[in-house]
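Participant: for reference, the sequence and a predicted model appear below.
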Amino acid sequence: MTPKEELFRSLVGGHQEMVINTCYRFVFNREDAEDLAQDVFVEVFRSLDQFRAEAKLSTWIYRIAVTKSLDHLRRTKRIKRFGSLKRLIGAEDPSAEIAAPSSETPAEAYAENERTEILREALNSLPDNQKAAFLLSKQDGFSNQEVADILKTSVSAVESLVHRAKKNLQEKLYTYYKKQ
């Protein structure tokens, strides 16, 4: 095994769960997150020789994970628009997308799915930079400096992005629940 392959193996071992979790927080689907993690590590392997150590290696890997996740979301938004059109003209059965209930009662499962979907829609409605900063800061627990390194921006920009994301989420969720 070459030194590059050994380094890569240790990178995957040390960062795989972190990458999957990061991707999951963007796409809300474990299988998609695992697929994206594979894409991330393919990119890491291809680009390892070009890593310039301007930031920590883990920050560089996070940056790739965030970028791949955001790219995936952009692609799926385009696909969903097309899928909605197909359903409107009757080319697809929307009931095929309904998941089987878990061990919860049907009412509990419905309420939990509804809350999750409302939050997912609110997060997905945020601009990409706000969503990335918010998830990295509040969900993954990175410091503002670490988020700034990952997103290649300043700490004050991260603070502003997180603040605007919280404000936008609060408005969207308040508006939704006020209607209820």
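Facilitator: Yes, it's here. Numbers count the residues shown, from 1 in each chain.
Participant: how's this structure carved up into domains?
Facilitator: 1-98, 102-180 (automatic domain parsing).
Participant: run a quick neighbour tally on residue 144.
Facilitator: By the criterion of other CB atoms under 10 Å, residue 144 has 18 neighbours. In this view, the C-beta of every residue, glycine as well, is placed from N, C-alpha and C.
Participant: you'd agree it is up against residue 161?
Facilitator: No. Counting by CB atoms under 8 Å, residue 144 stays clear of residue 161, with 9.7 Å between them.
Participant: now the helices for this protein?
Facilitator: For the chain, the helices defined by DSSP state H cover 3-27, 30-47, 57-88, 106-125, 128-134, 144-151, 155-179.
Participant: grab the nearest non-local neighbour of residue 59.
Facilitator: Distances taken as CB to CB, 6 or more residues apart in numbering put residue 149 closest to residue 59, at 4.6 Å, once the chain neighbours are dropped.
Participant: how near is that neighbour to residue 56?
Facilitator: 7 Å (CB to CB, to the nearest Å).
Participant: where does this structure dip in pLDDT?
Facilitator: Filtered on pLDDT under 70, the chain yields the residue ranges 78-112, 180.
Participant: let me see the contact set for the most centrally placed residue in the chain.
Facilitator: In the chain, the C-alpha nearest the mean C-alpha coordinate belongs to residue 26, at 1.4 Å (CA atoms, centre = their mean). Residue 26 sits next to 66, 69-70, 72-73, 131-132, 135 when contact means CB atoms under 8 Å, 6 or more residues apart in numbering.
Participant: which pair of these spans the longest distance?
Facilitator: Based on CB to CB, the longest span within the contacts of residue 26 runs between 72 and 135 and measures 13.9 Å.
Participant: more neighbours: which of residue 149 and residue 56?
Facilitator: Counted by other CB under 10 Å, residue 149 and residue 56 do not tie: residue 149 has more neighbours, with 21 against 12.
Participant: ok, back up a step: quick one, what contacts the residue nearest to residue 59?
Facilitator: Here residue 149 is in contact with 55-56, 59, 63 (criterion: CB under 8 Å, 6+ apart).
Participant: just the buried ones from the residues you listed?
Facilitator: By neighbour count, with 16 or more other CB atoms under 10 Å, the contacts of residue 149 hold 59, 63 as buried.
Participant: mind putting the contacts of residue 149 into CSV with distance to residue 120?
Facilitator: Converted to CSV, these look like this (distance: CB to CB, whole Å):
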residue, distance to residue 120
55, 30
56, 30
59, 27
63, 23
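Participant: from the contacts of residue 149, which is closest to residue 19?
Facilitator: Using CB to CB, the contacts of residue 149 come closest to residue 19 at residue 63, 11.1 Å.
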